[in-house]
Every structure is written in structure tokens, then in C-alpha cells.
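# Fold the following, please.
(one chain, ligands or ions: 1)
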Amino acid sequence: MSEDLQDSGKPKEACGVFGLYSRELEGELAQRTYFGLYALQHRGQESAGIAISDGERTTVVRDMGLVSQVFDERRLASLECGHIALGHVRYSTTGSASWENAQPEFHGRGELNVAVAHNGNLVNAVSLGEELTAEGFEFNSTSDTTFIAAAAVKELEQGRSVGEAVQAAMRRFEGAYSVAMVFRDKLVAFHDPHGFRPLCIGEVEGGYAVSSETCGLDIIGARFLREVAPGEVVVIDDSGLHSFKGESPRPALCVFEYVYFARPDSRFDGREVAGARGRMGELLAEEAPAEADVVIPVPDSGISAAVGYSKRSGIPYAEGLIKNRYVGRTFIQPTDGMRQLGLRLKLNPLPSVIEGRRVVVIDDSIVRGNTSRKLVKLLFDAGATEVHFRVSSPPITGPCYYGIDMDTREQLVGANSSVEEIRAHIGATTLAYLSNEAMVAATGQPKGRLCRACFDGDYPIPGSSGKFALENRTHYAGTRSR
Ligand code: SF4
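Got it, this is the predicted structure:
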């Protein structure tokens, strides 16, 4: 694994989307969208963009970098006119971190134009792009977001209402998509029939907001209304909020949102993610107890589970690793000398907590295992007498095709090694994972409503694995995913 400062050793979330519709808040929309994106920053750190529309003209500012790097007072002021806003933060899954890939994206033909912000990944993007090209659309790239926009434009050309047009376009999409879109005087939000990635609606003064997570609503003072249902299209305009319900044969919210991706203060189905993570830690303590003196988290994502583990086991909790919250967010390329320092640039152990102690360290997942190995060494170097590694999710055994930058099967240590082999690889005294059943139980969701495919191979979209895996992998690698 080539580790640099950007690399946390974790799967990368692909994107966050945000939308706002309010005439009452005109003049404040760009700023509120800025804060919405600020709250969703964890979902993508490579580029950010905001589009503002007055129903006729749409202005967009997008660039590489964090929300706070892309936008300043001057840039936000250039986005003052309009009552519809669209926002996006992006992490590129193919390494093509360029300005062209920043969103919101536009696509149009003739008089019809849409601006789109997308979180997810279409597994049929290549064939869809070929079909749309045959239908006369021209593309500069193989972007699944552009294909979503073009397919919507195609249906709008038939004279359908925007809700019906999006529903018709959705029949052509296969995969994960949580989308916010601006078309003329309407803000549209739509969700794939499986509901892989989260998407919710809130109420603001004189209108509505949509956000990948509830933390995006909270930060602007929006009142949470509900989640966008799997398969649903929501159209917001001056006459209010209109819902076009769609079919959802198999809801499959990504369980990894609970394990790692979502912010702990976000809520799914009214339940805080932090609570689910805490229960994962408690169940882990039941399933995999350890004789130890202290429980420490790998910050930040391991904190809630470590608190839960400590509570259930009775072993005291302490912060034993201090995270530098900023080093992983720099765009300055590390020198080889800095790379040698590796993990220590991001995590510094506290000897007063660790020295001479038997330590239980709680992490949310292990992907390739290299970061875990460095972490274990860091703890032993800081004086730990034993390191009991506990993981608050099961071994990752397969890649994700639904909008998460997960490694290939060959690179996933959980796909190719036994737990004992992984323990030996990372050098821990003991190693244990949470069971699949306990992970699901901790979310409070029925098993049938979650995607757990990277843990158990049960891919909700047929053809995402098995003999089609290679083909889909090609699609995945050949398109820009979000
Ligand atoms: S395969 Fe894993 S990461 Fe991807 S959507 Fe399913 S549970 Fe989430």
C-alpha cells in the first residue's frame, strides 16, 4: 500500500449532496448551502461546488479543495441571486481529481438544462453512456452524473412533467444514486430504489432543504421532515413539496454508513449513528471480551464503539491516541521523508495512558491491514504490554460497487486471510471482529433493509458479483463515481 497523508487506510465515501429552496431566504442561500456542505465535508474532501438559480439563470462556483478553501466571502457574494441552491462535496474514486470532475454538473440540449449533484455510482454507466450517445447526446467524459442529467433531459424533451420525466429516466439507471437537481424553477431530489446512500428532507423558513445526512440540516437550523424513500422523486417549487413514490423491491441502506461513513450526530430512521456505534461496541465486548487495563479508540470513528466496549466490559476508557485533525486534509504532497513518519503524522500515542498497560484498541474496520499494523507497532513502541485489537464490524470480504471507494478483492485483507493470519500480520496480541448479526442488530434496522454486501457477498443488484464482477469492475473503473 502506498500510504500518503491523504490515506487513512479506510474506504472513502464518494460524495455529499445538498439542496435548498426558499424565496424567504433569498440572499442567504449560498451561505446556508456553504454551511450545509461544511457539515457534509466528511463525505468528500477533494472538491466542492455551489449552484444558485433564480428559476431562469443558474450560476455555479466549483473548485478543487475543501469547502472552506473553495469559498470565501467574495465567492459566496457572487452567488447571492436566486431562491434555489445546489451543493456538492466530492471524493473522486478513480484518482481523477480535476476541476472538470467537480460538481454540480450541467447538462443540456436545446432549451433544456439541468444542474445535478450526485452521490453514488451507476453500475451500468458505460452501457447507459453508449445508449445516450446513440441518442444524440455528446459527452466530454464518461461521467455517470452527466448521464443522469442527460437521461433526465431526454425525458423532459418528451414534454413530461419533471417528476414523471425523472421517474422515467430512473428506469434506465442501475446502481446507487442520491441526487439533487435543479431544473428551471424546481429543486428535485431522487433516490435509487435500493436507497443505498442516505438522503433526507428538512423544512426551512419559506421552503425546504435536502441533504445527504441530517447533520447538514441541523447546521442551518432546518427541521427534519423525513428521509427521501428508496425509489422516490421529490419535486419542490413555489406550490410546495410533491412526492412521486416509486417501487423499492429491496431497500438496502449501506450498513457502512452506520459503521464508519456517516457523522455520529446524523440520524437514520430517527436513530443517531453514534448510538448504533455505541451498541456495536457493547456487543463487541460481549462477543469478544479481553483481559485488559484500558480501552482506547482509534479516533475519531472508533470513539463511540470504544465507549460502548468500555461500558459493557467495565474496563476504563481513555484517549490513548491523539489525532492531528488537519494533517490528512492538506493538499501539499508529502516528501518521502515525511512518508516514513507515516501514521505518526496523524496519530500520536499518549504514553501516560498506554505505558505498562494491557490495551484494548477499538477500530471500526480493517481494509488492507497495513495501517492497523503500524498502529499496533505505535502502541507497543509507546509501552503497551499487550494490544488487543477489536473491530466493530466484520471482516470486509468484497468490494463495493455502490459509490464507495473500496479496494479490489485482492487488496482486502479480510477477503484473503483468516482472522488468525490477520492478527499475525498486524502483530496484535489478540484480534476479534464483531459478527454480522451483531452489527445489524446494533443499527436497529431489520437485516433485509440493509446492504451488507462487502461483508457477506449478498449484493442487492444481481450481476454486481460473481461472473459479472469483472465486467462491473470495468464499468466502475471507467466512470467517474461519486
Ligand atoms: S457493498 Fe458495503 S460499502 Fe457498498 S453499499 Fe453495500 S454495505 Fe455499503
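
# tell me which residues in stretch 177-187 are buried?
Tyr177, Ser178, Val179, Ala180, Met181, Val182, Phe183, Arg184, Asp185, Lys186, Leu187 (16 or more other Cβ atoms under 10 Å). All C-beta atoms are positioned from the backbone trio N, CA, C, and that covers glycine.

# What is the strand or helix carrying the second one packed up against?
I take that to be Ser178. With elements taken from DSSP states H and E, the one containing Ser178 is strand 175-183. Packed against strand 175-183 by the contact rule (3 or more Cβ pairs under 8 Å, 6 or more residues apart in numbering; DSSP states H and E) you find strand 15-22, strand 84-90, strand 112-122, helix 144-156, strand 186-191.

# Give me the angle between that strand and strand 186-191.
What separates the directions of strand 175-183 and strand 186-191 is an angle of 170 degrees, with axes from the mean of the first three to the mean of the last three Cα atoms, to 10 degrees.

# List the pairing partners of strand 175-183 within its sheet, with orientation.
The strands beside strand 175-183 in its sheet (DSSP bridges) come out as strand 112-122 (antiparallel), strand 186-191 (antiparallel).

# how much does that strand deviate in direction from strand 15-22?
Taking the same axes, to 10 degrees, one finds strand 175-183 and strand 15-22 inclined to each other by 30 degrees.

# buried sites along the longest helix seen in the chain?
Among the elements of the chain assigned as helix by DSSP state H, the one spanning the most residues is helix 273-287. Within helix 273-287, the residues that qualify as buried are 273-285, counting by 16+ other Cβ under 10 Å.

# Just say which of the helices and strands packed on strand 175-183 is most tucked in.
strand 84-90 (a mean of 31; mean count of other Cβ atoms under 10 Å).

# And that strand, what does it pack against?
Contact here means 3+ Cβ pairs under 8 Å, 6+ apart; on that basis strand 84-90 packs against strand 15-22, helix 29-39, strand 47-53, strand 112-122, strand 175-183, strand 186-191.

# In three-state terms, label Asp300 for me.
Each residue gets one of three states, and Asp300 gets coil by DSSP: H, G, I helix; E, B strand; the rest coil.

# Can you give me the neighbour number for it?
Around Asp300 there are 13 other residues, counting by other Cβ atoms under 10 Å.

# roughly how far apart are it and Val361?
In this structure, Asp300 and Val361 are 14 Å apart, going by Cβ to Cβ, to the nearest Å.

# Repeat that for Val440.
Distance of Val440 to Val361, computed by Cβ to Cβ: 24 Å.

# more crowded one of those two?
Here Val440 and Val361 are compared on neighbour count by other Cβ under 10 Å; more neighbours surround Val361, at 27 against 21.

# okay, the helices and strands packed on strand 175-183 in TSV with distance to the ligand next?
Below are those laid out as TSV (distance: least, Cβ to the nearest ligand atom, whole Å):
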stretch	distance to the ligand
strand 15-22	13
strand 84-90	17
strand 112-122	9
helix 144-156	15
strand 186-191	14
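
# Turn the ones you listed into CSV, including distance to Gly240 and mean pLDDT.
Output for those, formatted as CSV (distance: least, Cβ to Cβ, whole Å; pLDDT from 0 to 100):
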stretch, distance to Gly240, mean pLDDT
strand 15-22, 10, 97
strand 84-90, 14, 96
strand 112-122, 21, 93
helix 144-156, 21, 94
strand 186-191, 11, 98
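
# Pull up the residues of the stretch 201-350 of the chain that are close to the ligand.
Residues of the stretch 201-350 of the chain lying close to the ligand by Cβ under 6 Å from any ligand atom are Cys254, Val255, Phe256.

# one more time with 8 Å
When proximity is defined by Cβ under 8 Å from any ligand atom, the stretch 201-350 of the chain lies next to the ligand at Ala252, Cys254, Val255, Phe256, Glu257, Phe261.

# Please identify which pair of these lies farthest apart.
Farthest-apart pair in these is Ala252 and Phe261; separation 14.7 Å (Cβ to Cβ).

# And stretch 193-211, what's buried?
Residues 193-202, 204, 207-211 are the ones in stretch 193-211 that count as buried (16+ other Cβ under 10 Å).

# Who are the contact partners of the residue of the stretch 151-300 of the chain found nearest the ligand?
Among the residues of the stretch 151-300 of the chain, Cys254 lies closest to the ligand, at 3.2 Å counting by Cβ to the nearest ligand atom. Contact analysis of Cys254 by Cβ atoms under 8 Å, 6 or more residues apart in numbering lists Ala176, Phe196, Arg197, Phe261, Tyr402, Ile404, Leu450, Cys451.

# And for Phe190?
Contacts for Phe190 (Cβ under 8 Å, 6+ apart) come out as Val166, Met170, Tyr177, Val179, Met181, Val228, Glu232, Val233, Val234.

# hmm, try it at 10 Å
Contacts were defined as Cβ atoms under 10 Å, 6 or more residues apart in numbering; by that measure Phe190 touches 148, 152, 163, 166-167, 169-170, 173, 177-181, 199, 210, 228, 231-235, 244, 246.

# Not counting sequence-adjacent ones, nearest residue to Pro349?
Leaving aside its sequence neighbours, Pro349 sits nearest to Ala382 (Cβ to Cβ, 6 or more residues apart in numbering; 3.8 Å).

# Pull up the gap between the one you found and the ligand, please.
Distance from Ala382 to the ligand, counting by Cβ to the nearest ligand atom, to the nearest Å: 32 Å.

# Got the domain ranges for the protein?
Annotated domains of the chain cover 12-252, 273-446 [automatic domain parsing].

# those strands in the stretch 351-482 of the chain, which residues are they?
With DSSP state E, counting those that start in this stretch as the definition, the stretch 351-482 of the chain shows strands at residue ranges 358-363, 386-391, 404-405, 430-433, 450-451.

# May I have the strands that pair with the fourth one, each with its orientation?
In the sheet, strand 430-433 lines up against strand 386-391 (parallel) (DSSP bridges).

# Report the angle between the partner strand and strand 358-363.
Regarding strand 386-391 and strand 358-363, their directions subtend 20 degrees when assessed with the same axes, to 10 degrees.

# Brilliant, that's me finished.
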